[in-house]
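Undergrad: need coordinates for the below:
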Amino acid sequence: MTSPPAAAGIPAAVRDRAQVLREALETHNYRYYVLDAPSVSDAEYDGLFRELQALEQEYPQLLTPDSPTQRVGATPSNAFAPVTHRAPMLSLNNAFADADVENFDRRVREGLDHESVAYAVEPKFDGLAISMTYEGGALVRGATRGDGYTGEDVTANLRTIAAIPLRLHGRADRLPPFIEVRGEVLMLKRDFEALNAAHAAAGEKTFVNPRNGAAGALRQLDPKITASRRLHFFAYGIGAVEWGAAAPPATHDALMQRLADWRFPVAAERDVVQGLAGLLDYYRRIGAQRTALPFEIDGVVYKVNDLAQQASLGFVSRAPRYAIAHKFPAEEMLTEVLDIDVQVGRTGALTPVARLKPVFVGGVTVTNATLHNEDEIRRKDVRIGDTVVVRRAGDVIPEVVRVLVEKRSGAEREFAMPSQCPVCGSHVERPEDEAATRCTGGLVCGAQRKQALLHFASRRAMDIEGLGEKMVDQLVEGNLVRTPADLYKLGVAALAALERMAEKSAANLHAGIEKSKRTTLTRFIYALGIRHVGETTAKDLAQHFGKLDALLAADEAGLLEVRDVGPVLAASIRQFCLEKHNRQVIDELRAAGVTWPETEQAAKSAGRLTGMTFVLTGTLPALSRDSAKELIEQHGGKVTGSVSKKTSYVVAGVEAGSKLDKAEELGVPVIDEAQLLAMIE
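TA: Residues are numbered from 1 along each chain as shown. Alright, predicted model coming up:
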């Protein structure tokens, strides 16, 4: 707690009393919201609160940002500013069956070369993930998860949640100078029921479920409305951290205890178990308690307990290898199939979709459900007019589980896959040994063009800022863009002529397109949208072949030499590379100036940066943080989040932070983007 300032004109007794009141109020908040063991009545608490308010009004110099009276004091916001997470807020892979958990445990044991592993286990809260930054022990910023890399600044609203400490509890010399605390904002069941009852009594809209109520509350522009919703919080881990003189914990369990010591609420139901048997036993124990818990959960989370082992296992794509979410069985409900439509994806696959009579499943009103493909429809014998069981698989994707044949009246109609694409009218075909029916229109098909362009411009691909769905719709429907290469032919004038596009916005989008010309081979391969090629495979292909021409010329035997590439994937890549119009688009992209650093094949060169460790800080002129990381890794280097004596180089850009100071303190060489590229080229 920040001490009241020793300003002139404030009696020492007043300053001391204000400090006593603040510490008492925060202690009472902690006992009420975290321990659920209040030590004073509401009336006594209100009396202390009003006394502190009166002192701060009489002596404004006493007011500090972390005072309990400031939890509901900010003015309404007009918007939420973007916040870039220093450490990405990664998603977890999901397990839906015991076999999935068994495979997870096997991969962990093999990765660590251990016969048995200790796991930290905890409930999976059904709320909103947030990250809170504390500097010098004080809360300075809070943000939503967003896309995992950039969220929204909701600091003012988070300050209203009494369960969140405005300052870490403990001696200043034992607190980390900087730490991102991660957790879940949610609404307790009792508070959700009270909120809906109040809204119903007032004739206002009620909320679907506690998560829906919490989401609406957290994104209110007026923090006072957020405060009225009685949100709660549970911490489940940390992001970026600078421990300073504080000793870092060795296990996740110890980390959770450290968070509890700092007065964060943590799940009382958490535990540490041994091996697969311990994981499955915990899953069943928590499943049995689910309805009695004061909050909603949709599964449990398993994490390797030893933090050094977590670091050793690392990550795959956008998820950690050391953790997994074991989801509870999905909820099922009955409804009617009103019709079956067909959607066309970016690869040309035609997917039948059941249009359902609206039904409430797993806290959400469901009106559509995927039927996957024609074989699936035939296997389940789904007909228009059928009564079906609908499930939200993993509590996310609605699907038709089975048909209640006994409820048929005889008026039901069988579905037939169309012979022409419903979007462009092109002929459709079903390749041999494939379940999917595909449109042959390629880039002529508007549905494929839009999705291909959105994928090409996406953050993990070419990262063209400002090129979203509405803009792509205009470009495609106006016949301004037929292939990704056409994007680089657009001028500012053509963009400015689009609907609701001002000159400045057009200039910004044009600049974003130009900036994307400088990319990495991994991103470019991923951006092409080759079937079955995700981010991880694109990275493996780039590292193996080093040059795009080598990849384009590779036969299936050569592709099978790439890590994790099997016959189906090799055939898909080869087919893409042989397609004449695909090669033409690639040639046009290169002619437009799209470029990337290239290397020799992995077998011929270990990489110019092999054995080197880099730390990135600040904003680089051309490369995004992700692009720079991929580039370094592509050339054999390693990127870490903190500076140490083992760091080879710190790559610094504009507004470099404390990492630059640390590098100078340790004598670690500091380079800029141009010097990094020179090292590679």
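Undergrad: most centrally placed residue in the protein?
TA: Central residue of the chain (C-alpha atoms, centre = their mean): Gly148, 3.3 Å from the mean position.
Undergrad: contacts only, for that one.
TA: His85, Pro88, Met89, Leu90, Ser91, Arg318 (C-beta atoms under 8 Å, 6 or more residues apart in numbering). Heads up, the C-betas are built off the backbone N, CA and C, glycines and all.
Undergrad: so after the host helix or strand of Met132, what's the next helix or strand?
TA: According to DSSP states H and E, Met132 maps onto strand 128-135. Going down the chain from strand 128-135, the next helix or strand is strand 138-144, by DSSP H and E.
Undergrad: the following helix or strand past that following strand packs against which elements?
TA: Next in sequence after strand 138-144, counting helices and strands by DSSP H and E, comes strand 150-152. Judged by 3 or more C-beta pairs under 8 Å, 6 or more residues apart in numbering; DSSP states H and E, strand 150-152 is in contact with strand 82-84, strand 138-144.
Undergrad: which ones are touching Asp100?
TA: With contacts defined as C-beta under 8 Å, 6+ apart, Asp100 is in contact with Asn94, Ile324, His326.
Undergrad: what do you get if the cut-off is 10 Å, keeping everything else the same?
TA: Shown in contact with Asp100 (C-beta atoms under 10 Å, 6 or more residues apart in numbering): Asn93, Asn94, Ile324, His326, Lys327.
Undergrad: spatially nearest residue to Asp369, not counting backbone neighbours?
TA: One thing to correct before we go on: residue 369 is Ala, not Asp. Counting by C-beta to C-beta, 6 or more residues apart in numbering, Ala369 lies nearest to Pro398, which is 4.2 Å off, once chain neighbours are set aside.
Undergrad: so what pairs up with that neighbour in the strands?
TA: Beta bridges link Pro398 to Arg392, judged by DSSP bridges.
Undergrad: what about it, neighbour count?
TA: Residues contacting Pro398 under the criterion other C-beta atoms under 10 Å number 23.
Undergrad: relative to Thr370, how far out is it?
TA: In this view, Pro398 and Thr370 are 7 Å apart by C-beta to C-beta, to the nearest Å.
Undergrad: gap between the residue nearest to the centre of the chain and Asp105?
TA: In terms of C-beta to C-beta, Gly148 sits 25 Å off from Asp105.
Undergrad: for the helix or strand bottoming out on mean pLDDT in the chain, list the C-alpha coordinates in PDB.
TA: Within the chain, no helix or strand scores below helix 42-58, which has a mean of 79 by mean pLDDT, DSSP states H and E. Extracted C-alpha coordinates of helix 42-58, given in PDB (Å, rounded to 0.1, in the frame of the first residue of the first chain):
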ATOM      1  CA  ASP A  42     -21.100  -4.500   6.200                       C
ATOM      2  CA  ALA A  43     -22.100  -1.600   8.400                       C
ATOM      3  CA  GLU A  44     -18.600  -1.500  10.100                       C
ATOM      4  CA  TYR A  45     -16.900  -1.800   6.700                       C
ATOM      5  CA  ASP A  46     -19.000   1.100   5.300                       C
ATOM      6  CA  GLY A  47     -18.200   3.200   8.300                       C
ATOM      7  CA  LEU A  48     -14.400   2.800   7.700                       C
ATOM      8  CA  PHE A  49     -14.900   3.400   4.000                       C
ATOM      9  CA  ARG A  50     -16.800   6.700   4.600                       C
ATOM     10  CA  GLU A  51     -14.200   7.900   7.100                       C
ATOM     11  CA  LEU A  52     -11.400   7.400   4.600                       C
ATOM     12  CA  GLN A  53     -13.400   9.100   1.900                       C
ATOM     13  CA  ALA A  54     -14.000  12.100   4.200                       C
ATOM     14  CA  LEU A  55     -10.300  12.400   4.900                       C
ATOM     15  CA  GLU A  56      -9.400  12.300   1.200                       C
ATOM     16  CA  GLN A  57     -12.000  14.900   0.400                       C
ATOM     17  CA  GLU A  58     -10.700  17.200   3.100                       C
END
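Undergrad: same for it, what does it pack against?
TA: Counting contacts by 3 or more C-beta pairs under 10 Å, 6 or more residues apart in numbering; DSSP states H and E, helix 42-58 is packed against helix 12-29.
Undergrad: and the helix it packs on, what does it pack against?
TA: Packed against helix 12-29 by the contact rule (3+ C-beta pairs under 10 Å, 6+ apart) you find helix 42-58.
Undergrad: show me what contacts Val20?
TA: So Val20 contacts Leu48, Leu52 (C-beta under 10 Å, 6+ apart).
Undergrad: any weak-confidence spans in the stretch 301-450 of the chain?
TA: Within the stretch 301-450 of the chain, the stretches with pLDDT under 70 are 317, 330, 362-363, 393-396, 432-433, 442-444.
Undergrad: strands along that one, start to end?
TA: Applying DSSP state E, counting those that start in this stretch to the stretch 301-450 of the chain gives strands spanning 315-316, 319-320, 323-327, 332-344, 349-361, 364-370, 387-393, 397-403, 428-429, 437-439.
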